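Peer 1: Any chance you can model this:
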Amino acid sequence: MSPTKKKRQPRLESPRHAAVGRVLTLIGYFGLLILIVNWFTWIAPPVRVPRALVLGALAIPLLFPLRGIIHARRYTHQWIGFLSMLYFIIGVDVWYNHTAIEQLLGMSMVVLSLMLMLGSSLYARYTPTPPEQRKPVDS
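Peer 2: Residues are numbered from 1 along each chain as shown. Coordinates of the predicted model:
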């Protein structure tokens with residue numbers, strides 16, 4: 001340890017930034033869910049694989065954080081960003097390797113997953129830490 005140890009600064013809270021993050025998270029989350037269901041059911045259903053398998057593999061992971069997202073839980077917003085990167089990767093793959101209509105769908109998936117990632121990061125960063133998780137600031 002260095003003799004000139006700096007004090008840890010408390011995290012800044014900003015309700016305005018948190019509200020923007022919340023809106024981005026909700027748009028990205030529900031947009032992804034609606035896009036996936038419509039894409040693999042009506043717009044461009046898979047030919048070689050059953051629809052139920054693709055829908056189960058892509059839509060069910062999005063249902064796990066649903067309760068935490070609806071109730072605006074900070075912890076859920078912290079880890080859903082990792083989940084959104086899976087959809088970002090799938091969207092980039094579809095955007096660059098498929099036909100014209102699917103490229104548009106892949107681009108939409110990329111945009112929505114980035115909105116989800118950015119929004120959840122903003123919300124988690126600018127909301128207050130719950131009292132039971134606070135650590136004392138070094139004096």
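
Peer 1: Tell me the buried residues in stretch 31-39?
Peer 2: 31-33, 35-36, 39 (16 or more other CB atoms under 10 Å). For the C-beta atoms, the positions are set from N, CA and C on the backbone; glycine is no exception.

Peer 1: hang on, I meant stretch 59-79
Peer 2: Neighbour-count burial for stretch 59-79, with 16+ other CB under 10 Å as criterion, is recorded at 62, 65, 68-69, 73-74, 76-78.

Peer 1: Mind telling me the two of these farthest from one another?
Peer 2: Across those, no pair lies farther apart than L62 and R74, at 18.9 Å, counting by CB to CB.

Peer 1: how about CSV for the buried residues of stretch 59-79, with pLDDT and distance to L26 added?
Peer 2: Conversion of the buried residues of stretch 59-79 to CSV gives the following (pLDDT from 0 to 100; distance: CB to CB, whole Å):
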residue, pLDDT, distance to L26
L62, 95, 13
P65, 96, 12
G68, 95, 12
I69, 95, 7
R73, 93, 13
R74, 93, 15
T76, 94, 12
H77, 95, 11
Q78, 93, 16
